[in-house]
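Chemist: the sequence isn't on hand, but the structure is:
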């Protein structure tokens, strides 16, 4: 008889929670592979085209919503969360100053993907040492995985009206990761929805991207516009973006459950390069070499220098008119990229500059 067939999986689950906590995960939960309801919601969302140009959301067939088709043999998913909110952070102050650059708080430090994958690998190693070889695969915002649906099933929180996971003890400022396994672990009970009649996230959204409770049209979402969209940003949405140059946290900042959020103690998530307090003009001056060097190890790097400049040009167009703002924009008037030039022209026109 193999070691796994004699394993006390209830006891193992509790050990996994303890090992996860020691590795820096604030919570560990267990889910089965039945994502039938989430699959229905996904296809409705895709059928309405609300994924924009994120074609990867529609690819891979049913593997995204059927874990055992993505990783054959999968019986349970270990879902984890890790807090990332920087200590002593004041995002409202940054948003209120049109000369400063607002960057989504998750992107201020090092890229979380590698860190969390390494921790999940260590967790898998601990499990293997206890029960012997087993099938597993780690994911952190990678491959076709419905991480929020899995986190909800694993009891890490409920899906809020803004479509993010909300936890009663921790709010929403956390990353998610998964370990697909062949182990028949006991599953956790999903958390009940505690949004009630609150509509704070819907009301605060700058571009009205939350078109109904639990429904986000990515094509209007600032996170999509600044990160996923590779072409021109629709002109009618540009004035609504304010000084947000990479992502948007307004719906999280408005959620009353985030009063329970705690600051992250993970050093890698601390702000780097002064990105939590940088001016738009200073970031707009970065050439591509500086961009690549300063953002090495940052999730921001993947959007590339052109999109970086495009986003900042929009923010400068929304900034208070000043000689410094106009000088910054004019410095890129003849940028080699037509994408950048077009957004600079728009920004200058916002300040009444002749074209």
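Modeler: Structure received. Quick caveat, the model's predicted, so the values are computed rather than measured.
Chemist: residue 208 looks like it's in a strand, true?
Modeler: No. Looking at residue 208 with DSSP: H, G, I helix; E, B strand; the rest coil, it is coil, so not inside a strand.
Chemist: how about it, what does it touch?
Modeler: Residue 208 makes contacts with residue 220, as judged by Cβ atoms under 8 Å, 6 or more residues apart in numbering. In short, each C-beta sits where N, CA and C put it, glycine included.
Chemist: again, but for residue 88
Modeler: residue 263.
Chemist: okay, and the helix or strand of this structure with the least pLDDT?
Modeler: helix 36-47 (a mean of 88; mean pLDDT, DSSP states H and E).
Chemist: list the buried residues of it.
Modeler: Residues 38-39, 41-42, 45 are the ones in helix 36-47 that count as buried (16 or more other Cβ atoms under 10 Å).
Chemist: can you give me the strands in this structure?
Modeler: For the chain, strands defined by DSSP state E occupy the ranges 27-31, 76-83, 102-103, 136-139, 158-159, 165-166, 174-181, 210-212, 215-216, 244-246.
Chemist: tell me, how many residues neighbour residue 269?
Modeler: 24 (other Cβ atoms under 10 Å).
Chemist: the one 4 residues further on too?
Modeler: Using other Cβ under 10 Å as the criterion, residue 273 is surrounded by 16 other residues.
Chemist: read off the pLDDT value for it.
Modeler: We have a pLDDT of 91 for residue 273.
Chemist: likewise the one 5 residues further on?
Modeler: The predicted local confidence for residue 278 comes out at a pLDDT of 97.
Chemist: re the thing from before, hmm, who's touching the least confident helix or strand of the chain?
Modeler: For helix 36-47, contacts defined as Cβ under 8 Å, 6+ apart pick out 51, 57-58, 62, 64-66, 146, 149, 215.
Chemist: of all the residues you listed, which two lie farthest apart?
Modeler: 66 and 215 (22.8 Å; Cβ to Cβ).
Chemist: list the buried ones in stretch 18-34?
Modeler: Buried-residue list, stretch 18-34, by 16+ other Cβ under 10 Å: 19-20, 23-33.
Chemist: contact partners for residue 229?
Modeler: 52-53.
Chemist: any idea how far it lies from residue 220?
Modeler: Distance of residue 229 to residue 220, given as Cβ to Cβ, to the nearest Å: 11 Å.
Chemist: follow-up on the earlier one: what's the closest of the contacts of helix 36-47 to residue 314?
Modeler: residue 51 (22.1 Å).
Chemist: just send the buried residues of helix 36-47 back as TSV, with distance to residue 135 too.
Modeler: Below are those laid out as TSV (distance: Cβ to Cβ, whole Å):
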residue	distance to residue 135
38	23
39	23
41	28
42	25
45	30
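Chemist: from these, which is closest to residue 104?
Modeler: Among these, residue 45 lies closest to residue 104 (Cβ to Cβ), at 21.6 Å.
Chemist: how far does stretch 214-223 stretch from start to finish?
Modeler: End-to-end distance for stretch 214-223, by Cα to Cα, to the nearest Å: 17 Å.
Chemist: what's the average pLDDT for the longest helix seen in the chain?
Modeler: Using DSSP state H, we find that the single longest helix of the chain is helix 112-131. The pLDDT scores in helix 112-131 average 97.
Chemist: now the angle between strand 174-181 and that helix, please.
Modeler: Between the axis of helix 112-131 and that of strand 174-181 there is an angle of 40 degrees, by axes from the mean of the first three to the mean of the last three Cα atoms, to 10 degrees.
Chemist: give me the buried stretch members for helix 112-131, please.
Modeler: For helix 112-131, by 16+ other Cβ under 10 Å, it's 112, 115-117, 119-120, 122-124, 126-127, 131.
Chemist: tell me which two of those residues sit farthest apart.
Modeler: Farthest pair in the buried residues of helix 112-131, by Cβ to Cβ: 112 and 131, 28.0 Å.
Chemist: quick revisit: closest one of the contacts of helix 36-47 to residue 188?
Modeler: residue 149 (13.7 Å).
Chemist: circling back: off-centre distance for the least confident helix or strand of the chain?
Modeler: The chain centre lies 20 Å from the centre of helix 36-47; the measure is Cα atoms, centre = their mean, to the nearest Å.
Chemist: cool, and stretch 327-343?
Modeler: Worked out by Cα atoms, centre = their mean, stretch 327-343 lies 29 Å from the chain centre.
Chemist: mind giving me the packing neighbours of the longest helix of the chain?
Modeler: Packing contacts for helix 112-131, counted by 3 or more Cβ pairs under 8 Å, 6 or more residues apart in numbering; DSSP states H and E, involve helix 9-22, strand 76-83, strand 136-139, strand 174-181.
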